[in-house]
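*Asks:* The following comprises the amino acid sequence and a computationally predicted model.
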Protein chains: 2
Amino acid sequence: MPILIDIRKLTIIGKLIQHGAKNVADALSTMADIKADIRIKTLSFVEPSDIPREIGDGTFHHVNIRLIEPPYGVFLMAFGDRTGEEIARHMTGQDVDGELNQLQKSALQEMCNILTSGFIDGIANTLGTTINMETPELAYGDAHSIAADTLSHIHDDSLSIVLDSVVDLHDEETEFQLRIFLIPDPGAFVNMLDKLDIEEIREIESVSGIHGAD
Amino acid sequence: MPILIDIRKLTIIGKLIQHGAKNVADALSTMADIKADIRIKTLSFVEPSDIPREIGDGTFHHVNIRLIEPPYGVFLMAFGDRTGEEIARHMTGQDVDGELNQLQKSALQEMCNILTSGFIDGIANTLGTTINMETPELAYGDAHSIAADTLSHIHDDSLSIVLDSVVDLHDEETEFQLRIFLIPDPGAFVNMLDKLDIEEIREIESVSGIHGAD
């Protein structure tokens, strides 16, 4: 059965993502005293079956959470070894020598908590709701194992929003490259977008100082 | 009146853009003997009224054409002075000294023809149609004048697809940064997407060697 959305509402998806990213920057600042800009480099839409190919070759740190409130579905974030090491080094002040030690793993977990909750809260605020979520659990593996962990309860005809994002730290020449997959339940997602008025979004933007939609 | 699309068809928009970009690379190779990759850095959706802000400050070379066949609407491409000079230098072998000379302007016009027709043809092929178009005319101006030239006959409730794309030349350390706005008639565009089957797209991809959707 088709799940229909007014095509002009697509502009709202871009704004949702912008608000998510803005909220991540705020969360990094307040929760970890990290000043950073978050840039969304690409936004694309893929079918869930394409997600392993989108993740690509190699092994990745990743967290995923199931959203147990609308828009339901799954939030998945993955990043490579290099970004993992950068995060660990930045959070602990220790260089990574081969494997991450326990403190560094905890630092990664903490960063994932901040990024995930920052992003989901930002989207929820824009949607005028809250989205309670469990704590994401950090794992490590290849695209195949990530897909197996994440996508088992996703319908094949869902839509996945894929974001390549970069966290640019102000203080140093460091950036964290994160890939985010948002795979909402399509019916619930469309329902939320339908209720959202573009004028309401503009009001939120004028209050929070968000500009642009790219 | 809402113009409804099955949300799962959004994956097709990404593929359309991919095919347009692939076709631009082919056109550059056959028509100008330029070997290059085309990368789409960002894809976003904005309202037409946001286009001047998306174009940004400064002055830009730009071409726009009205599509007189489905999906109708407007194709707009803009690039800054630096990319204009890079194109002129690459096409004529002459460095740019202040203003572009007549030969360099012609070179820019020629490049715009190739890029525009390559992109539109790539999209048309994927849609299983042809989209005849007039020759785009090169102009130069700021966001305000571009919008006045381009958007006068666009409905305010249309949807604009915004692409930041990079043409990466194989032979040298040069890249052309182009911003593309596709502002189809929303009804005609949705109608075309509706007719398009994801399986047909896969077939086109397997023939033309296109992979990925980001």
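*Replies:* It's in. Numbers count the residues shown, from 1 in each chain, chains lettered A, B, ... in the order given.

*Asks:* For chain B, see how far away residue A:36 is.
*Replies:* Using Cβ to the nearest Cβ, to the nearest Å, we find residue A:36 at a distance of 19 Å from chain B. All C-beta atoms are positioned from the backbone trio N, CA, C, and that covers glycine.

*Asks:* what's near enough to touch that residue?
*Replies:* A:25, A:28-29, A:167-170 (Cβ atoms under 8 Å, 6 or more residues apart in numbering or on different chains).

*Asks:* who does it bridge with?
*Replies:* Assessed by DSSP bridges, residue A:36 has beta-bridge partners residue A:169.

*Asks:* Skip the chain neighbours and tell me the closest residue to the residue nearest to the spatial centre of chain A.
*Replies:* Chain A has residue A:180 as the residue nearest its centroid, 4.4 Å off, counting by Cα atoms, centre = their mean. In this structure, residue A:180 finds its nearest non-sequential neighbour in residue A:163, 4.3 Å apart by Cβ to Cβ, 6 or more residues apart in numbering or on different chains.

*Asks:* burial of residue A:87, as a residue count?
*Replies:* The criterion is other Cβ atoms under 10 Å in any protein chain shown. On that basis, residue A:87 has 26 neighbouring residues.

*Asks:* on that earlier part again, so the residue nearest to residue A:180 sits against residue A:123, correct?
*Replies:* No. Because the distance of 11.5 Å does not satisfy Cβ atoms under 8 Å, residue A:163 is recorded as not touching residue A:123.

*Asks:* Quick check: neighbours shared by those two?
*Replies:* Overlap between the neighbourhoods of residue A:163 and residue A:123 consists of residue A:17, taking contacts as Cβ under 8 Å, 6+ apart.

*Asks:* Which one's more surrounded, those two?
*Replies:* Counting neighbours by other Cβ under 10 Å for residue A:163 and for residue A:123 shows that residue A:123 has the greater number, 23 against 20.

*Asks:* show me the contacts for residue A:160.
*Replies:* Applying Cβ under 8 Å, 6+ apart to residue A:160 gives the contacts A:45-48, A:50-51, A:181-183.

*Asks:* Go back to those residues and keep what's next to chain B.
*Replies:* Restricting the contacts of residue A:160 to those touching chain B (Cβ under 8 Å from any Cβ of the partner chain) yields A:45-47, A:50.

*Asks:* Low-confidence regions, chain A specifically.
*Replies:* By pLDDT under 70, the low-scoring segments of chain A are A:198-204, A:206-214.

*Asks:* Only the buried residues of the longest helix that it contains, if you could.
*Replies:* For chain A, the longest helix by residue count, based on DSSP state H, is helix A:102-126. For helix A:102-126, the neighbour count (16 or more other Cβ atoms under 10 Å in any protein chain shown) marks A:104-105, A:107-108, A:111-126 as buried.

*Asks:* who does it touch, helix- and strand-wise?
*Replies:* Packed against helix A:102-126, as judged by 3 or more Cβ pairs under 8 Å, 6 or more residues apart in numbering or on different chains; DSSP states H and E, are the following elements: helix A:10-32, strand A:59-66, strand A:74-79, helix A:81-92, helix A:198-208.

*Asks:* got the angle for the longest one vs strand A:74-79?
*Replies:* This points to helix A:10-32. The directions of helix A:10-32 and strand A:74-79 differ by 60 degrees, with axes from the mean of the first three to the mean of the last three Cα atoms, to 10 degrees as the criterion.

*Asks:* With the fourth one instead?
*Replies:* Angle between the axes of helix A:81-92 and strand A:74-79 is 90 degrees (criterion: the same axes, to 10 degrees).

*Asks:* Format the CA atom coordinates belonging to helix A:81-92 as CSV.
*Replies:* Listed in CSV are the C-alpha atoms of helix A:81-92, where the atom choice follows Å, rounded to 0.1, in the frame of the first residue of the first chain:
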residue,chain,number,x,y,z
ASP,A,81,38.5,3.4,13.1
ARG,A,82,40.0,6.8,12.4
THR,A,83,37.1,8.7,13.8
GLY,A,84,36.9,6.3,16.8
GLU,A,85,40.5,7.0,17.6
GLU,A,86,40.0,10.8,17.2
ILE,A,87,37.1,10.7,19.6
ALA,A,88,38.9,8.6,22.1
ARG,A,89,42.0,10.8,22.0
HIS,A,90,40.0,14.0,22.3
MET,A,91,37.9,12.7,25.2
THR,A,92,40.7,11.1,27.2
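
*Asks:* other SSEs contacting that helix?
*Replies:* strand A:59-66, helix A:102-126, strand A:175-183.

*Asks:* ok, the residue nearest to the centre of chain A - contacts?
*Replies:* Here residue A:180 is in contact with A:75-77, A:119, A:162-163, A:165 (criterion: Cβ under 8 Å, 6+ apart).
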